[in-house]
Structures are given as C-alpha cells and as structure tokens.
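>>> Could you look at this predicted model? Sequence included:
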Amino acid sequence: MLFTMQEERKEMFHQFLESHRIEILALAEAKSVSLAGSLATSDELKRGLPVFYEHLITYLKAIDHGTAQSEITFAAAKHGRELLRLHYSLSHVVHAYGAMCQAITEFAQRRNAPISAGNFNDLNMCLDLAIAAAVSEFQFRSVQASEAKEVQHLGALVHELRNALTSATVAQDMIAKGLVGNGGSTARVLSHNLALMRNLIDRSLSEVRMRADPELHPENFFVSELVEQILFTAQSEATKKSILMTNRVRGEISIETDRQLLLSALANLIQNAIKYSKEHGHVFISSQTSGNNLIIEVEDECGGMNDAILQNVLKPFVSGGFDQSGMGLGLTIVQRSVSLLRGTVSVSNSPGIGCAFRIELPRIFTPPVANKAVAGDVSIQPLKLSKI
C-alpha cells in the first residue's frame, strides 16, 4: 500500500514518540514538577501525562480518530479532577499539558528531528482536546464542590442558630414561669445565647453583603469591645476543648471602618484558631498600630502547617489543620472582608507550634476611587498573602 507524504510523516512522528517515550516523559515530568512547586502529588496525578502520551500515539496511528479522541477526552477529564482534588489552580491544569508539548518539541530539536506542520497540528489538536476536557472537568467539579460547601455552611449556620434559640427559649420559659430569678445563671444563659445568635446573624449578613452589596458603612468603635463580643460567643467552643483565650487587644485603640465586616473577619479567624488548636491549647489575640494602620493578630496552637497547605490556605474550601471536618470557608470570608476594608492578610507558620494570622488595615477607611472607564466599577487594593 502506498502512503502519501503526509501519511509517511505521521508514521515517522508516532515512531519517533514510541522510540523516545522514556526520555520525553522524563522531560515532561521534570517540567511538571517544577511548575507544581511544593504542591502535593499522587500516583493518579503522575499517570496523567503518560496516559495522554499513549493516547497521542494511538491517535497518530489510528485510521478512525474518533475512538482515540474519546480516550484523550476521558483521560484528561480524570486528570483535571485529580488536579482539583490536590488543590492545584486552573493555571496548573493548562500548564501541565503545555509541559508535555514543550518536552516533545524540545527533545525533537535536540535530536535534530523537526516536526512537520501537519504533525504539529495533530499534536496541538490532541492537546486542545485534553486541555478543554481537563479545564471543563476542573471547573465543573469546582462549582459542584462550591455549591456543596455552601449548603453545608448554611446547614451549620442553621444548626448553630437552632441550638442557641432552643437554649434561649428554655431559659426564658423558666424565668417567665418564675422557676428561677431574673439575675441568676439561667438569665446569663439567656443573655449568652441571644448574643450568640446576634453574632451568627451579623457574620451571615456580612457574607451576604460581600456578594450582593459591597458598599461599606464606616463607623467609629473600639477594637477591644468588638473582640470581647466575639470571645464571649466563642467561649463555649473553647471550653469544650479546654482552650484558653487571651485578649491582648489594647483598650484605647479605636478604628473607623465597617464594623460588620471586621467582626466577620475576626470571628472567623478566632473560630478557626479554636477549631484547629489542640486540646488544652492557647489562642492569643493581640493588636498594635503602625503609622495609620491597625494590625490585629490571631495566634493558635494547631501544630503548624506544611508548605503546600500554607500556600493555599486562603483559597476556598482548603482545610489547614489536622481536623479535616471543616468547610474551609472561614478563611475565604476573612480574605474577602479584609480586601473590602482595603487591608491585607498574611500568615506565619511555626512548625510544631502553630500559626499566626495577621490582618493589617487602615485605621480610617477611605472609600476607593471609582474607575471612570467602567460605570460602577470599584478598584480594591489587592490582597497580599505572605509567609513571614
């Protein structure tokens, strides 16, 4: 059977790929590892590019390309799911296949084996299929995870509100029936649970506002009073784990900013500090001023985080501690709140001891300058996540 020139070149290309499989895959893996940095890996992830490589060869050898294209799409979607599971970004998804393309072209250049325009088109077509499938699956699963976490978050909120309402109702009923006095421990239970419900509603309103109404409403208040309110409602959770909370926020420091958003940010940081600290641990909340800025730091005793988690800890749905039952939304809310307040968040890690989350924001909030090019667009100072 006689081959056309194009068929002969395709035959030579897949033979080249088969002959140099080990070298090209090693080069692609080295590039992928470099891109991943300290992020986690898995056997499933390591199989992703080699599987694509085999399907690419199958495509080049095939007469009917439909089956080979389906295999590329299916395998790439699986690869995208694994990248999401290991907390890679969408950029990593695309660059993983870019690493394979670079490995093939670089190795061909080293061997002085130029890739023809037709072969390069085939390679790019297969890469396009793989990238499209991996990205689509990554985004689809990401949205699914987001929606599931939002439902869990709402369920947890309703559960906490119901518990607080039940306790408050029982206490109020006992007082109303004259079974206990107005100034005893039952009255304190009522007061505590009413305050807890207010705190939960305030935080929920902050989350809603961040999505639907980002306009801020600055007011002047003492930071220590805000922290005391949060600690009061967090005391029951801390008591369950025998965690000592120390408030070192200076009483004379005042700030003019959106109280509800700052409450949401600090409440989530303190809640996470309690949750991830080990039993009989210690949580410190402190403050200081730096020029026109206020710095608030929440330190925990979680035992520290590894570098991969530390790099991604402020991303949605990432849990950093040994207790993986959390929803991972708390630190994302911190990020959004502080960004709207024109501040920054940073985290320092002490292996074997714990972490310290640091918020720095202006003591007097200045509304951002509107972007005249786009009506209604607001420029917000970018959030900085740093390792100290």
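Noted; the coordinates are in hand.
>>> So what touches stretch 257-268?
Outside of stretch 257-268, the residues that reach it under the criterion Cβ atoms under 8 Å, 6 or more residues apart in numbering are 199, 202-203, 205-207, 209-210, 216-219, 221, 226-227, 229-230, 233-234, 255, 285, 296, 298, 330-331, 333-334, 337-338, 340-341, 359, 361-365. C-beta: built from backbone N, CA, C; applies to glycine.
>>> what mean pLDDT would you report for that stretch?
Summarised as a single mean, pLDDT over stretch 257-268 is 88.
>>> what number of residues lie near the closest residue to Phe74 other than its chain neighbours?
What sits nearest to Phe74 in space, not counting adjacent residues and going by Cβ to Cβ, 6 or more residues apart in numbering, is Ala133, at 7.6 Å. Around Ala133 sit 20 other residues, with neighbours defined as other Cβ atoms under 10 Å.
>>> Verify the stated contact: Ala133 with Ile72.
Yes - using Cβ atoms under 8 Å, Ala133 is in contact with Ile72, at 7.3 Å.
>>> My read is that Ala134 contacts Gly98, right?
No - distance between Ala134 and Gly98: 11.7 Å, which falls outside the contact criterion (Cβ under 8 Å).
>>> How many neighbouring residues does the closest residue in space to His20 that isn't next to it in sequence have?
Leaving out its chain neighbours, the residue that sits closest to His20 by Cβ to Cβ, 6+ apart is Phe107, at 6.2 Å. Look at Phe107: counted by other Cβ under 10 Å, it has 18 neighbours.
>>> How about the contacts made by Phe107?
With the criterion set at Cβ under 8 Å, 6+ apart, Phe107 makes contact with 20, 23-24, 27.
>>> ok so, going back, tell me the buried residues within the contacts of stretch 257-268.
Listed as buried from the contacts of stretch 257-268 are 199, 202-203, 206-207, 209-210, 216, 218, 226-227, 229-230, 233-234, 255, 285, 296, 298, 330-331, 333-334, 337-338, 340-341, 359, 361-363, 365; burial here means 16 or more other Cβ atoms under 10 Å.
>>> Could you list which of these belong to strands?
With DSSP state E as the criterion, strands contain 218, 255, 285, 296, 298, 359, 361-362 from among the buried ones among the contacts of stretch 257-268.
>>> can you list the residues you listed in CSV and add distance to Ser89?
As requested, these are arranged in CSV below (distance: Cβ to Cβ, whole Å):
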residue, distance to Ser89
Pro218, 34
Ile255, 34
Ile285, 32
Ile296, 29
Val298, 26
Ile359, 24
Leu361, 26
Pro362, 30
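>>> rewinding a little: higher neighbour count, Ala134 and Gly98?
In terms of neighbours (other Cβ under 10 Å), Ala134 is the more surrounded of Ala134 and Gly98; the figures are 28 against 17.
>>> How about that one, nearest residue that isn't a chain neighbour?
Leaving out its chain neighbours, Ala134 is closest to Gly80 (Cβ to Cβ, 6+ apart), at 3.5 Å.
>>> Can you say which helix or strand has the residue nearest to Phe74 in it?
Ala133 is located in helix 117-176, with elements delineated by DSSP states H and E.
>>> same check, this time on Cys355
Of the helices and strands defined by DSSP H and E, Cys355 is found in strand 354-362.
>>> what helices or strands is that strand leaning on?
When contacts are defined as 3 or more Cβ pairs under 8 Å, 6 or more residues apart in numbering; DSSP states H and E, strand 354-362 sits against strand 254-258, helix 259-276, strand 293-299, helix 330-340, strand 344-350.
>>> Specify the angle between the host helix or strand of Pro50 and helix 117-176 in degrees.
In this assignment (DSSP H and E), Pro50 forms part of helix 43-61. In terms of direction (axes from the mean of the first three to the mean of the last three Cα atoms, to 10 degrees), helix 43-61 departs from helix 117-176 by 150 degrees.
>>> how far does helix 43-61 sit from the chain's center?
Between the centre of helix 43-61 and the centre of its host chain there is 30 Å, according to Cα atoms, centre = their mean, to the nearest Å.
>>> Could you give the average pLDDT over that helix?
Across helix 43-61, the per-residue pLDDT values average to 86.
>>> could you dump the next helix or strand after it to CSV, C-alpha only?
For helix 43-61, the following helix or strand on the C-terminal side (DSSP H and E) is helix 65-85. As requested, C-alpha coordinates have been extracted for helix 65-85 and formatted as CSV (Å, rounded to 0.1, in the frame of the first residue of the first chain):
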residue,chain,number,x,y,z
HIS,A,65,-9.6,9.0,15.1
GLY,A,66,-12.9,9.1,16.9
THR,A,67,-12.1,6.4,19.5
ALA,A,68,-8.6,8.0,20.2
GLN,A,69,-10.2,11.4,20.7
SER,A,70,-12.7,10.0,23.1
GLU,A,71,-9.9,8.3,25.1
ILE,A,72,-8.0,11.6,25.3
THR,A,73,-11.0,13.5,26.5
PHE,A,74,-11.9,10.9,29.1
ALA,A,75,-8.4,10.6,30.5
ALA,A,76,-7.9,14.4,30.6
ALA,A,77,-11.1,14.9,32.5
LYS,A,78,-9.9,12.4,35.1
HIS,A,79,-6.6,14.3,35.2
GLY,A,80,-8.5,17.6,35.8
ARG,A,81,-10.4,16.0,38.7
GLU,A,82,-7.2,14.9,40.4
LEU,A,83,-5.6,18.3,40.0
LEU,A,84,-8.6,19.9,41.7
ARG,A,85,-8.6,17.3,44.5
